[in-house]
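1. Let's see this in three dimensions:
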Amino acid sequence: MSSRPLHVVPHAHDPSSGATYVVVRLCQALAARGVSPKLLTCQPGPPPQEQLDVTLFREWYPGRGLNVPFGLKKVFDEAFKGVELLHCHGLWLLINVRAGRETLRRGRRLVISPHGNLGRAALKNGTWAKKAVWHLAQKELLERSAFVHASGFTEAESVRDAGIRAPIALIPNGVDVPREVRRTRTPRRGLLFLARLHPIKGLETLLRVWKVLEAGFPGWELRIAGPDNAGHEQGMRALASSLGLSRVQWLGAGYGEEKSRAFSAASLYVLPTKGENFGVTIAEALGHALPVVVTKSAPWSEIPERRCGWWIDTGERPLLDTLAEALGRRDDELSEMGERGREWVRSSLSWESVAEKMVLAYEWAVRGGLRPAFIEGS
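-> Have a look, this model is predicted:
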């Protein structure tokens, strides 16, 4: 593109946030294609994010309501230099709303990625505040977007269910696939849960199911990894203790190489989530050649047809029946499933392919012309 896209995200420093990972890696992938994106954020992250062109946005500047206060005018003047399109990541927060309004006021094109914030589970949190922002500004910004970016069919449906008729670009999030995966041998095979420790991820259901399965599969152990969210880990540890579980490992937050080692040491990945717009850790597990057990609350319907895991209904009974089958599989069967998943992710969800589609979508939004096939709507 001849014009640089400006990406807006509340923070680019939280390694537990899927949006942080996705936005920074997308910007890096765009830069690799020579697009040179700019990043506007309240809190930048450490290197290699420092290699990006970052402008700081301070939400604490004085101002009223959702309008742009005087102190931010200089920030926007600098950020919008050479920019024809702003890509806003997330909803509801002042940085998202103010940047979106400023984009339209300046006659630039606006793109919004909700990152799951229109899903039923997300809408239950802070309902009254979100309703206020929705009617004051958020709905209008979505309606006036050049397109709304959805990472999967589930998110696209949530956009339409919210009454938004703007075009939708269906572009999956990317994933970093290691060049090679070396399985780490452990005394027992590992059933790995790796995600934020939050009620929506279904860890309580998994622990109750493991209580039933543990005695019947002595060669397996349950490993739990991920950052604690608002004290949920403490409650889950208490539940595991009350259930008398003996083969449960708590691995901690697990970032970077530590996360990769957890994947490499496991034989099967499980996420009984109650709501997911994409599920970065699912893609990462597949990229590490792990077969997966994932609920239908995550938009991964291709898992069964790709023969790389199980895509199941939510609830204890479906999870129990499926894990009983999966844990009974031989090592070579699970390895073959994992390799099929790894090849799928490598061919379809690389950051190079995601960046290529995003550039095409940006060009269409700014220049017009023939609409790309992955963009639905007028």
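2. Can you tell me how far the nearest residue to residue 328 once chain neighbours are set aside is from residue 223?
-> Closest residue to residue 328 apart from its sequence neighbours, by Cβ to Cβ, 6 or more residues apart in numbering: residue 217 at 7.7 Å. Just so you know, the C-beta spots here come from the backbone N, C-alpha and C atoms, and that holds for glycine as well. For residue 217, the distance to residue 223 (Cβ to Cβ, to the nearest Å) stands at 14 Å.
3. Which helix or which strand is home to residue 21?
-> Assigned by DSSP states H and E, residue 21 belongs to helix 18-32.
4. Okay, now the sheet partners of the following helix or strand past that helix, with direction.
-> Sequence order places strand 38-43 as the next helix or strand after helix 18-32, per DSSP H and E. For strand 38-43, the paired strands and their directions (DSSP bridges) are strand 4-11 (parallel), strand 53-56 (parallel).
5. Between these, which one is closest to residue 137.
-> Minimum separation from residue 137 across the strands paired with strand 38-43 (Cβ to Cβ) falls at strand 4-11, 14.4 Å.
6. Residues contacting that closest one, please?
-> Residues from elsewhere that reach strand 4-11 (Cβ atoms under 8 Å, 6 or more residues apart in numbering): 17, 19-20, 23, 26-27, 30, 35-43, 45, 57, 79-80, 82-83, 85-90, 93, 95-96, 99, 111, 362.
7. Output the helix or strand hosting residue 129 in PDB with nothing but the alpha carbons.
-> If you go by DSSP H and E, residue 129 is part of helix 127-133. Output of helix 127-133 as PDB, limited to C-alpha atoms (Å, rounded to 0.1, in the frame of the first residue of the first chain):
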ATOM      1  CA  THR A 127     -23.300  -4.600  30.800                       C
ATOM      2  CA  TRP A 128     -24.600  -1.200  31.800                       C
ATOM      3  CA  ALA A 129     -21.300   0.600  30.900                       C
ATOM      4  CA  LYS A 130     -21.100  -1.200  27.600                       C
ATOM      5  CA  LYS A 131     -24.700  -0.400  26.800                       C
ATOM      6  CA  ALA A 132     -24.000   3.300  27.400                       C
ATOM      7  CA  VAL A 133     -20.900   3.300  25.200                       C
END
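8. List the buried residues in it.
-> 130, 133 (16 or more other Cβ atoms under 10 Å).
9. right, and the helix or strand after it?
-> helix 139-143.
10. Please tell me how far that next one is from the chain's geometric centre.
-> Centroid displacement of helix 139-143 relative to its chain, using Cα atoms, centre = their mean, to the nearest Å, is 22 Å.
11. May I have the helix or strand following that helix exported as CSV, CA atoms only?
-> Sequence-wise, the next helix or strand downstream of helix 139-143 (DSSP H and E) is strand 147-150. The C-alpha trace of strand 147-150 is given here as CSV (Å, rounded to 0.1, in the frame of the first residue of the first chain):
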residue,chain,number,x,y,z
PHE,A,147,-15.1,-3.2,7.1
VAL,A,148,-15.2,-5.1,10.4
HIS,A,149,-12.5,-7.7,10.8
ALA,A,150,-13.7,-11.1,12.1
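12. who's in contact with strand 147-150?
-> Around strand 147-150, the neighbours that count as contacts under Cβ under 8 Å, 6+ apart are 87, 111-114, 142, 156, 159, 164, 166-171, 277, 358, 361, 364-365, 375, 377.
13. How many residues are close by the closest residue to residue 93 other than its chain neighbours?
-> Nearest residue to residue 93 in three dimensions, chain neighbours excluded: residue 10, at 5.3 Å (Cβ to Cβ, 6+ apart). Per other Cβ atoms under 10 Å, the neighbour tally for residue 10 reads 21.
14. go on, residue 118?
-> Using other Cβ under 10 Å, residue 118 has 24 neighbouring residues.
15. what's the distance between the residue nearest to it when sequence neighbours are not counted and residue 174?
-> The spatial neighbour of residue 118 that comes closest, neighbours along the chain excluded (Cβ to Cβ, 6+ apart), is residue 158 at 4.3 Å. Residue 158 sits 21 Å away from residue 174, going by Cβ to Cβ.
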